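**Q** pasting a predicted model and its sequence here:
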Amino acid sequence: MPVLPGTAGATSIVREIGALAAWSVTSAKPGNGVELLRDGSTDTYWQSDGAQPHLVNIQFPKRVDLSELHVYLDFKSDESYTPSRLAVRVGSTHHDLKDVCIVELREPTGWVVVPLAATQASKQLRAFHVQVAVLANHQNGRDTHMRQVLVYGPANSATPGLRDAGMFDSLEFKCYSTMR
């Protein structure tokens, strides 16, 4: 089984933030639902069921910094089900999404890395909602297969929770750090 990006090595400039989001798709064949995009296995896949474009919606509860999008595709196994053209859209809600990049693929096998931070010249790309749209498949296929999708943000951005409040290292907090 191939190693998922970001799972090997201790130090990284990005971290996977997909677990913070709610994931949905426009359609799915029974037994090949959205949960297979996040199961950690490149042997399973989400399969769409319906007309194009096929959409994967990733909704975060708060605005996040985005660095990269990784999509695992396997043309050798999936043939006409493999996407040949992807659009990545970001916004605050489903109604204000804007294309940040369109990716043309030629018989991809393995991880396709879509850099998102480089698409915005001014500063870090931030959004509540990320959408991956399959605009076309190889050999004019109708339905699509995606094996894994990972979303990465910068490793140095704050994670929600207690880290936002600091390290509790002031003298006032230290005096209550132990119990008798």
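**A** Received, thanks.
**Q** and the end-to-end length of stretch 38-58?
**A** 12 Å (C-alpha to C-alpha, to the nearest Å).
**Q** next: stretch 88-103.
**A** First-to-last residue span, stretch 88-103, C-alpha to C-alpha: 8 Å.
**Q** and it, how far from the chain's centre?
**A** Mean-position distance between stretch 88-103 and its chain equals 13 Å (C-alpha atoms, centre = their mean, to the nearest Å).
**Q** tell me which residue is most central in this structure.
**A** Val151 (2.8 Å; C-alpha atoms, centre = their mean).
**Q** that one is in contact with Gln59, isn't it?
**A** No: between Val151 and Gln59 there is no contact under C-beta atoms under 8 Å: 11.2 Å. To be clear about C-beta, it is placed using only N, CA and C from the backbone, and glycine gets the same treatment.
**Q** find residues that contact each of the two.
**A** By the contact definition C-beta atoms under 8 Å, 6 or more residues apart in numbering, Val151 and Gln59 are jointly contacted by Ala21.
**Q** about what we covered before: so what's the residue nearest to the centre of the chain up against?
**A** 16-18, 21, 58, 66, 68-70, 130.
**Q** Throw these into JSON lines and include distance to Val88, thanks.
**A** Formatted as JSON lines, the contacts of Val151 follow (distance: C-beta to C-beta, whole Å):
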{"residue": "Glu16", "distance to Val88": "16"}
{"residue": "Ile17", "distance to Val88": "15"}
{"residue": "Gly18", "distance to Val88": "14"}
{"residue": "Ala21", "distance to Val88": "14"}
{"residue": "Ile58", "distance to Val88": "10"}
{"residue": "Leu66", "distance to Val88": "9"}
{"residue": "Glu68", "distance to Val88": "10"}
{"residue": "Leu69", "distance to Val88": "6"}
{"residue": "His70", "distance to Val88": "12"}
{"residue": "Val130", "distance to Val88": "7"}
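**Q** pLDDT and distance to Gly31 added to these, as CSV?
**A** Listed next are those as CSV, based on pLDDT from 0 to 100; distance: C-beta to C-beta, whole Å:
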residue, pLDDT, distance to Gly31
Glu16, 96, 25
Ile17, 97, 28
Gly18, 96, 22
Ala21, 97, 23
Ile58, 98, 22
Leu66, 95, 31
Glu68, 95, 29
Leu69, 97, 25
His70, 98, 24
Val130, 98, 25
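**Q** in strands only, show me those.
**A** 16, 58, 66, 68-70, 130 (DSSP state E).
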